[in-house]
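> got a predicted structure here, sequence first:
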Amino acid sequence: MRNSFCVLILITVIWSLSACQKKTVPLVIQGNSLNTASKSILEIARGHLGKPYVYGKTGPDSFDCSGFVYGVHQQVGIILPRTSYNQSRIQGAKVSRKDLQKGDLVFFDTSLKGKVNHSGIYLGDGNFIHASSGKAYSVTISSLNAWYKDKFKWGKRLNANK
């Protein structure tokens, strides 16, 4: 009886400790491999240029920022979390600005409050594509070296072999 009680306490302690740790969000891949998907993602993303920004939308006719990243990846069988914050927490190491590669996800704190609230897809040459609620109010290409420079938090690479 005493051993069962000790085991129960041990399980409870382990469960409590694991619940307190920050969790990464799992990435679900259906169908295509990430190698095949990386070029398609950029092609699909560019195909949405100019489509309107609409909060809460995931496409195909309009998008919000995380809905754009979510919708583009969904088209190649990669299921990401729906919000920018949760997208920024997917499994894998954070990628610095200088180490970004085409197709990497990029994350920003546009309110400068310490929390990711905007996402996009890196195109290379210091540019990324995203659904902007700013001046463009559409899917647009922006520079990491202009307005977003001090708002960049990190990138995430879905495929280390790009």
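Cool, the structure landed.
> got the contact list for S143?
126-127 (Cβ atoms under 8 Å, 6 or more residues apart in numbering). Placement of C-beta: from N, CA and C, glycine included.
> what bridges to it?
With DSSP bridges as the criterion, S143 is bridged to N127.
> and it, how close does it get to G120?
The gap separating S143 from G120 is 11 Å, by Cβ to Cβ, to the nearest Å.
> next: D104.
D104 is 10 Å from G120, where distance means Cβ to Cβ.
> so between those two, which is more surrounded?
Taking neighbours as other Cβ atoms under 10 Å, D104 and G120 compare with G120 leading, 29 against 23.
> right, and that one touches V69 too?
Yes: using Cβ atoms under 8 Å, G120 is in contact with V69, at 6.7 Å.
> any idea which element the nearest residue to G134 once chain neighbours are set aside lies in?
Residue nearest to G134 in three dimensions, not counting chain neighbours: W147, with 7.8 Å by Cβ to Cβ, 6 or more residues apart in numbering. Assigned by DSSP states H and E, W147 falls within no helix or strand.
> got it, and K39?
Here K39 is assigned to helix 34-47, by DSSP H and E.
> which residue is nearest the middle of this structure?
Geometric centre of the chain, nearest residue: Q87, 3.4 Å, by Cα atoms, centre = their mean.
> hey, what's F108 bridged with?
H118, F152.
> contacting residues for it?
Per Cβ under 8 Å, 6+ apart, neighbours of F108: 84, 116-120, 148, 151-153.
> for F152, same thing?
97, 106-108, 144.
> closest to G77 among these?
Proximity of the contacts of F152 to G77 was ranked by Cβ to Cβ; the top entry is V106 with 21.2 Å.
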